[in-house]
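In: Build the 3D model from these lines:
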Amino acid sequence: MGSFFQHNMTFNINPPLSPETRLGISTSSVPLLLLGLNLPITVSTASTDLQNPDFDKTLASSITVMGHLDTGASKTSIDIKLAEYLKLLPTGIIPILTASGVTKMPTFAIDLNFPNTTLSPFKSLPISSCNLNFDVNGNLNSPKNFAILVGRDILSYWNVVWNGPTSTILIND
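Out: Numbers count the residues shown, from 1 in each chain. This next block holds a predicted model:
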């Protein structure tokens, strides 16, 4: 059985961080090595749908799930099971290239927010869909149960600093 080491440290950060800022510190490269970068994302019905007088407002929904940063994805994608769970309305169908070949998948528009951060939200973002084996009844905070692939369409707005040896990531927009 492995050993466990805990050490308490105090940090002085100048300028001080706002109370909503969450700070994670790790001294091991293992979390990023095993899981990549995953972060909580709130997925909601698109703002444009909510503004449409013909939209059935009872279909409006929102959920916070884990998203996985994927530099190999040109477009942000949602797991098709999550899109069905949220009752998102398809906006079209496009061919997507996956590891197993090309397949046609529905597209959607969604709002994305990044809880406990100062990152700007995305409103009525056009996205594709894919099969990620997301389990809506599973642990929604598990980095292994992600439902969104954050593609270069979002990453191109961010400055991302990845420190592999310490498993720390800084993101700002």
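
In: Let me see the ranges of the strands in the chain.
Out: Listed in chain order, the strands of the chain (DSSP state E) span 38-45, 62-69, 77-79, 92-98, 101-113, 122-130, 146-150, 159-163, 168-172.

In: right, and those strands - which one's nearest Pro16?
Out: Across the strands of the chain, Pro16 has its closest neighbour in strand 168-172 (16.6 Å, CB to CB). In this view, the C-beta of every residue, glycine as well, is placed from N, C-alpha and C.

In: so what secondary structure elements neighbour that closest one?
Out: Judged by 3 or more CB pairs under 8 Å, 6 or more residues apart in numbering; DSSP states H and E, strand 168-172 is in contact with strand 159-163.

In: where does the spatially most central residue of the chain land on pLDDT?
Out: Centroid check for the chain by CA atoms, centre = their mean gives Gly67 as the closest residue, at 2.5 Å. Per-residue confidence (pLDDT) for Gly67: 94.

In: burial count for the closest residue in space to Thr103 that isn't next to it in sequence?
Out: Excluding the flanking residues, the one nearest Thr103 by CB to CB, 6 or more residues apart in numbering is Ile96, at 6.2 Å. Neighbour count for Ile96, taken as other CB atoms under 10 Å: 18.

In: quick one: low-confidence parts of this protein?
Out: For the chain, applying pLDDT under 70 flags the ranges 1-13, 17, 21-33.
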